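# need a 3D model of the sequence below.
(2 chains)
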Amino acid sequence: MDNEEVKNLLCGITVSVLESAAFLFVDEEKMDPSGINEISFKVARILFSGFKEGRVFLWMTEETADDAARNMLGLDDDYEVNEKQRDDVLMEILNMITGNLLTTMFGENVIFKLSIPEIINNEDIPEPLPETTVFLSIDEAPLLVSIEL
Amino acid sequence: MYSVLIVDDSEIIRSVLQRTLSMAKIPLSNIYHAANGQEAVDILDNSWIDLVMTDLNMPVMSGFELIDIMYKRNDLNLIPIIVISTEGSALRIDELKDRGVKGYLRKPFTPESICTTLKQIFGE
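The predicted model follows:
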């Protein structure tokens, strides 16, 4: 599977997970990555091993994570999401994307072990971004997801 | 009236499941929360539980370990278990069913899929 095929799968699964789990509707017009370094993101990472080894990353703005948390919890727009809930929602969405992505890419007859997702600091964020990085947006806020195999 | 134990390291997922259970028109007495398998075992040791809904990938003690402990203990191995996880391996799911797991739901789940599975276990 080449990088473009991986990106298409990653894009489709991310859109589907965000819609069904967090009621967030993704703009599938892939966004322009220029200027991405100026934006403040929270970043989550999960490691997988077993049939293949690799890592999946999810970049989300705090505002998008807050919307996701409120939507999942069925709370009003003025509910103030705390840091723990923000991290929790980001890690859980990454977990769902990764589980579904690995099954779609490699089938149901292989076994993977997933790490516990974690929020990472700047020094752990891959630089440059992996070639499989998909750039999406939700209400004009950027959202990035990538897999390293 | 049923007592349900929800086991997931995500507080948000536990809240979503609790809300879904409340809407499922199943008579509930208590809903207990645990953030990992060890907390779940502690609750199982001290409370009457009619159903366990558990994630698999959790810190401290995973859902696999929890299921294994319940399977091996005579006082716990008749409690129905529903697994709610991102795990997609058919091999793993078969393994879980061999360990007595009654239902398996893939994340992201829908409230309807939870209700259907609950009704299969508790009856209409």
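# C-alpha from now on. contacts and neighbour counts both.
OK.
# give the bridge partners for the residue nearest to the spatial centre of chain A, please.
The centre of chain A sits closest to residue A:58, judged by Cα atoms, centre = their mean, with a distance of 3.2 Å. In this entry, residue A:58 is beta-bridged to residue A:44, residue A:145, by DSSP bridges.
# those residues of chain A touching chain B, which are they?
Residues of chain A found near chain B (Cα under 8 Å from any Cα of the partner chain) are A:17, A:20-21, A:69, A:72-73, A:85, A:88-89, A:92, A:95-96, A:98-100, A:103, A:107-112, A:114-116.
# now, of these, which are buried?
By neighbour count, with 16 or more other Cα atoms under 10 Å in any protein chain shown, those hold A:17, A:21, A:69, A:72-73, A:85, A:88-89, A:92, A:95-96, A:98-100, A:103, A:108, A:110-112, A:114-116 as buried.
# which residues does the residue positioned nearest the centre of chain B contact?
Chain B has residue B:53 as the residue nearest its centroid, 1.2 Å off, counting by Cα atoms, centre = their mean. By Cα atoms under 8 Å, 6 or more residues apart in numbering or on different chains, residue B:53 lies in contact with B:4, B:5, B:6, B:7, B:81, B:82, B:83, B:84.
# now these in JSON lines, with neighbour count, distance to residue A:28 and pLDDT?
Putting these into JSON lines (neighbours: other Cα atoms under 10 Å in any protein chain shown; distance: Cα to Cα, whole Å; pLDDT from 0 to 100) gives the following:
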{"residue": "B:4", "neighbour count": "20", "distance to residue A:28": "39", "pLDDT": "96"}
{"residue": "B:5", "neighbour count": "24", "distance to residue A:28": "38", "pLDDT": "98"}
{"residue": "B:6", "neighbour count": "24", "distance to residue A:28": "35", "pLDDT": "98"}
{"residue": "B:7", "neighbour count": "30", "distance to residue A:28": "34", "pLDDT": "98"}
{"residue": "B:81", "neighbour count": "24", "distance to residue A:28": "38", "pLDDT": "97"}
{"residue": "B:82", "neighbour count": "23", "distance to residue A:28": "34", "pLDDT": "96"}
{"residue": "B:83", "neighbour count": "25", "distance to residue A:28": "32", "pLDDT": "96"}
{"residue": "B:84", "neighbour count": "24", "distance to residue A:28": "28", "pLDDT": "95"}
